[in-house]
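sequence and computational prediction follow.
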Amino acid sequence: MRNRFLEIHFSSSRGRIANSFKLSLVSIIIIVPIVLSVLIFLLVSTIIYFSYPEMSSQNQIDEYINSKFDSDSSMVIEPVDFINPISKKHFYVSQGFKGDHKGIDIVAEKGADVHASYAGKVLHFGHDDVYGKIIVLAHKNNFYTFYGHLDSIFVKKHNFIKNNEVIGLVGETGQTSGPHLHFEIWSDREILDPRLLINELKERDVTQ
């Protein structure tokens, strides 16, 4: 049986440089899958890099907050007029502070807009094992808001966010039995009850 070869010939446009070589059929069968595998890996890596939310560790968040308190320790903290992060008329607070559950759950239809409760800057966004897709916003006077179980995220790290700006959509990512927004307000290293700061949430509380 005669050996089969693929002959490849290269030459410059003016014919000054020319070269050729032969590849056996066995070599082609081995090389082509390897090249295709490398190309597919590079393509998948590129897609993941540009489409997956940017990750940031909890330590980075803690360090940022601690540095803010250290530099502004003498500042008098003034209240912030937070607003309801859900614009839909049909929503209710299904769970409040209980055990390790620090914050409130606001039940709304999947895909409902989630608004920034106050103007601020994106401190962190990414994925959490418990709360799924999350966003953390930093506000003036060392206040922070936390949004969890999101279906979609519309912000990037360090973005400046306007008051009431849509930052994501209600979802059911992470550990949850249905679509809702997990919402927290932080101040002075403590988690505050949003129902005490936002009357609309207090009025829609069905946990009592």
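Received, thanks. Numbers count the residues shown, from 1 in each chain.

give me the below-cutoff pLDDT ranges for this structure.
Low-confidence segments of the chain (pLDDT under 70): 1-28, 47-79.

how about the residue minimising distance to the centre of the chain, secondary structure?
Most central in the chain under Cα atoms, centre = their mean is Gly126, positioned 2.9 Å from the mean C-alpha point. Secondary structure for Gly126, judged by DSSP: H, G, I helix; E, B strand; the rest coil, is strand.

state the distance from Leu197 to Tyr92.
Separation of Leu197 from Tyr92 (Cβ to Cβ, to the nearest Å) stands at 17 Å. From N, CA and C alone the C-beta is placed, and that goes for glycine too.

no no, Ile198
Counting by Cβ to Cβ, the gap from Ile198 to Tyr92 is 13 Å.

quick check: Lys140 touching Gly120?
Yes: contact status for Lys140 versus Gly120: in contact at 7.5 Å, counting by Cβ atoms under 8 Å.

which residues in the chain form helices?
Applying DSSP state H to the chain gives helices spanning 25-51, 58-71, 194-197, 199-203.

look at the residue nearest to Ala138 when sequence neighbours are not counted and say how many residues are nearby.
Once flanking residues are discounted, Ala138 sits nearest to Leu123: 4.4 Å by Cβ to Cβ, 6 or more residues apart in numbering. When neighbours are counted by other Cβ atoms under 10 Å, Leu123 registers 20.

tell me which residues touch Glu200, please.
By Cβ atoms under 8 Å, 6 or more residues apart in numbering, the contact list for Glu200 reads Asn84.

hmm, try it at 10 Å
Contact analysis of Glu200 by Cβ atoms under 10 Å, 6 or more residues apart in numbering lists Ile83, Asn84, Ile86, Phe91, Val93, Pro194.

look up how far Lys156 lies from the third one.
Using Cβ to Cβ, Ile86 is found at 22 Å from Lys156.

settle it for me: which of the two has more neighbours?
With neighbours defined as other Cβ under 10 Å, Ile86 and Lys156 compare such that Ile86 has more, 26 against 10.

what pairs with that one across the strands?
Val114 (DSSP bridges).
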